[in-house]
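Visitor: Predicted model and sequence follow; I will ask about them next.
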Amino acid sequence: MKKINSFLAFFLLSYASAHALAVNMEEPRLIVADKIEYNVKSEEIKTVGNTEITNQSGQRMTLVDSYISGQGEDLQGKDIQIWLGQHVFVETDSIERGEGITIARNAMFTACANCDKYGDAWDVWARKIVHKMDARKLYFYNPVFYAYDVPVFWLPYMQMPDPGIKYKTGLLMPDMGSTNKMGTQINLPLYLALSETHDMTFTFGYLTQENPLFQLEHRLNSSHSEFRTTGSFTHNREGKNRWHIFNDDVIELGENARATIFLERTSDKTYLQKYGFYDSQPYLDSGAQLEVFGQSSYVVADMHIFQELREATGNHSAPDGNILPNIRAVHQTAPLYKETYATFNADMLGISGKSTSSQRIIGDLRLTSPWTIWGGNRLTASLSTRYDLYNFSNTQMVDGEVYSGVKTRFLPSGYLEWGLPLFKPSNNWTQILEPRARLTVMRNIKDDEFALNNDSAGTILTDTTLFSDNRFSGFDLWENGTYADYGVRWAAFNEAGHNIEVFLGQSYDFTDKESVDLDSGFSDGPSDYVGRISYRNSEWLNLVSRFRLERDDLTLRHMETMANIGSAGTYLNIGHIWSDDMDDTFMYAGGVNEAVVGAGLQLSSRWALRWNAIYNMNFGEFRSHTGGVFYNHPCYYMSVQYRRDNAVKQDYVGTTTFQFKIGMAIDGVQY
């Protein structure tokens, strides 16, 4: 929940000043003075001369000739200085407290004491500040705001809530920036405090070349749940209602269950992008999920309703229909014999689309037995049996036929895997060489073609595909026959935190396939080669590259590389993906050749530059790039950022936008 105590930007400063006045001196831990007089009967304390009082929380006050009543409700003194934090400082000529009223005269507050060699970044002076406990308010008389000892503005009078009130309805600091061809946008947020665990923020957005935009953010916490909702609405100059709503609720149902409700919906495909709510998501997902978990069991039931945001999609690239419902359960037994264990899986899926639907029930039992034998050899044997029951209604099958009816299949499989890790320790580097091989046998089901796009989307050979139980994603598509995976891994590491790894592997299909996707990397017999190379150290470099080589002439077919260079402030992040020309309807001619670059330069302890970009090398243009200048002072922060978006979709045409932010920080907390 947001803890907001002010309703204008400069009131944030006054809030901290008020907090200083409300410092609890009722239980002083230590009093040091030139002379101390203590009345045993009334428990009153009087000091003469220079006095220093430290309270239970460690906050320190210095003053002259003080008086503290027996119960601490009355406090008087002169030339008072109060330190509430490392840089939070209050100074006043005198302070009087009695009968629920505190009065500070000629008071100054700053949260930037000794933060800058040029002087305090800001401070507030007031002729008098009055705090009334019963009203829970503070009243400022003739307050003046100074920046680096230069007066910036003056008010004859202002009032604000007591700092003891954590949540208070009021206006928050506005922000502004340019928009995507809608002129300048100025946001005026209003905070509504409903309770200590329930609040919302309503924002009115003024746009110079479009009708106003209204935003709402709602937050509610309870002892075992939290609810978050954001949304927006506008009636634009073309007379169209455009809106979005995002909701995310998490409800704890005891120690072993949790429910989640999520909603993502918008009026059209381009609204989120045009009004700045877009985060590159290809589609929106709404639904609910229920999880039940135990020590060795897990059950999850969920449903999904999708809204597509892309211009053109197909079965291989977009959710096809809605998922109503999807139920998955898994249970793993304790060891049955030595390290041998069994795993039970069940899956139920329903998919409904335009005039089509399908339902699926899967039951699977797997027995896995790992062994370590002589010479450090590791063997793992696994047997699995699976039964599928499908009910189709006007569903397109893999062969193109539209089918209605029931289909079943029995899918037994098993594998035997061998590995031999070889270690070579030394004073400088420890090396590991690990050859590994797996033979997998599955029932050949050539005659049982199933639905094209329930939850499977084909397969692409990568280093992570090897040694998997099923090389296809999802459950609907199934590997046929017998195949082997084999590869070798070499790694080395030292005490300085340096780690090097190289892996190379291949797959071999013993069963001829009726049709082979040339872009998948698989074929009858040997597949392409896949591998990865990585280097990491604990100081400034992290490099990982995954690749695929053509099996006949070792030409490069695919490569993904990610490099992180530098420290937290000064860094260079480079990501690159390249693929050979793909025979795919949804691929651009010429394959994929795209780079993602992020860079940061820490100019000083306070100034920094940051820049990020996505660059399409096939077309020689940026998809988008953004950058900015950032300044973080102990007492305030500011930034100037830009974003360039080159996307073009329906009524959305990307352009360059700018954003300017400035805010205050009080004892390290930014507002």
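Guide: That came through fine.

Visitor: Mind jotting down where the helices sit in the stretch 201-350 of the chain?
Guide: 271-274 (DSSP state H, counting those that start in this stretch).

Visitor: okay, and for it, where does confidence drop off?
Guide: 312-320 (pLDDT under 70).

Visitor: So residue 30 sits against residue 54, correct?
Guide: Yes: counting by C-beta atoms under 8 Å, residue 54 is a contact partner of residue 30 at 4.4 Å. Placement of C-beta: from N, CA and C, glycine included.

Visitor: quick one, which of these two is more surrounded?
Guide: residue 54 (17 against 10; other C-beta atoms under 10 Å).

Visitor: how about the strands in the stretch 201-350 of the chain?
Guide: 213-222, 225-235, 241-252, 257-266, 283-293, 297-308, 322-332, 341-353 (DSSP state E, counting those that start in this stretch).

Visitor: The fifth one packs against which elements?
Guide: Packed against strand 283-293 by the contact rule (3 or more C-beta pairs under 8 Å, 6 or more residues apart in numbering; DSSP states H and E) you find strand 257-266, strand 297-308.

Visitor: Dump those into JSON lines; add distance to residue 513 and mean neighbour count as well.
Guide: Listed next are those as JSON lines, based on distance: least, C-beta to C-beta, whole Å; neighbours: other C-beta atoms under 10 Å:
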{"stretch": "strand 257-266", "distance to residue 513": "39", "mean neighbour count": "17"}
{"stretch": "strand 297-308", "distance to residue 513": "32", "mean neighbour count": "16"}
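
Visitor: of all these, which lies closest to residue 603?
Guide: Nearest of those to residue 603, taken as C-beta to C-beta: strand 257-266 at 39.1 Å.

Visitor: and that closest one, which strands flank it?
Guide: strand 241-252 (antiparallel), strand 283-293 (antiparallel) (DSSP bridges).

Visitor: Serialize the ones you listed to a markdown table and add fields for distance to residue 467 and mean neighbour count.
Guide: Formatted as a markdown table, the strands paired with strand 257-266 follow (distance: least, C-beta to C-beta, whole Å; neighbours: other C-beta under 10 Å):
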| stretch | distance to residue 467 | mean neighbour count |
| --- | --- | --- |
| strand 241-252 | 35 | 16 |
| strand 283-293 | 27 | 16 |
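
Visitor: ok, back up a step: residue 658 is nearest to which of the strands of the stretch 201-350 of the chain?
Guide: strand 213-222 (17.4 Å).

Visitor: Dump the closest one to CSV, restricted to CA.
Guide: The C-alpha trace of strand 213-222 is given here as CSV (Å, rounded to 0.1, in the frame of the first residue of the first chain):
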residue,chain,number,x,y,z
LEU,A,213,-7.6,10.0,-20.3
PHE,A,214,-8.9,8.6,-17.0
GLN,A,215,-6.9,6.0,-15.0
LEU,A,216,-7.7,4.1,-11.8
GLU,A,217,-5.4,1.9,-9.7
HIS,A,218,-7.1,0.0,-6.9
ARG,A,219,-5.3,-1.9,-4.0
LEU,A,220,-6.7,-4.0,-1.3
ASN,A,221,-4.9,-6.3,1.2
SER,A,222,-6.4,-8.7,3.7
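
Visitor: Contacts for that strand next, please.
Guide: The contact list for strand 213-222 (C-beta atoms under 8 Å, 6 or more residues apart in numbering) reads 1-2, 185, 187, 197-205, 207, 226-234, 275.

Visitor: residues in contact with the closest residue to residue 298 other than its chain neighbours?
Guide: Nearest residue to residue 298 in three dimensions, chain neighbours excluded: residue 330, at 5.3 Å (C-beta to C-beta, 6 or more residues apart in numbering). Neighbour list for residue 330: 297, 298, 299, 343, 344, 345, 346 [criterion: C-beta under 8 Å, 6+ apart].

Visitor: possible to save those residues as CSV with distance to residue 461?
Guide: Supplementary listing: the contacts of residue 330 in CSV, determined by distance: C-beta to C-beta, whole Å:
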residue, distance to residue 461
297, 34
298, 30
299, 33
343, 26
344, 30
345, 25
346, 29
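
Visitor: of those, closest to residue 90?
Guide: The shortest approach to residue 90 among these belongs to residue 298, at 55.2 Å (C-beta to C-beta).

Visitor: Give me the residues contacting whatever helix or strand residue 30 lives in.
Guide: Here residue 30 sits within strand 28-38, counting by DSSP states H and E. Applying C-beta under 8 Å, 6+ apart, the external contacts of strand 28-38 come out as 44-56, 66, 68, 72.

Visitor: Following the chain past that strand, name the next helix or strand.
Guide: strand 45-55.

Visitor: Please name every helix or strand in contact with that next one.
Guide: strand 28-38, strand 60-68.

Visitor: Of these, flag the one that's most buried.
Guide: strand 60-68 (a mean of 20; mean count of other C-beta atoms under 10 Å).

Visitor: what's the angle from it to strand 45-55?
Guide: If you take axes from the mean of the first three to the mean of the last three C-alpha atoms, to 10 degrees, strand 60-68 sits at 150 degrees to strand 45-55.
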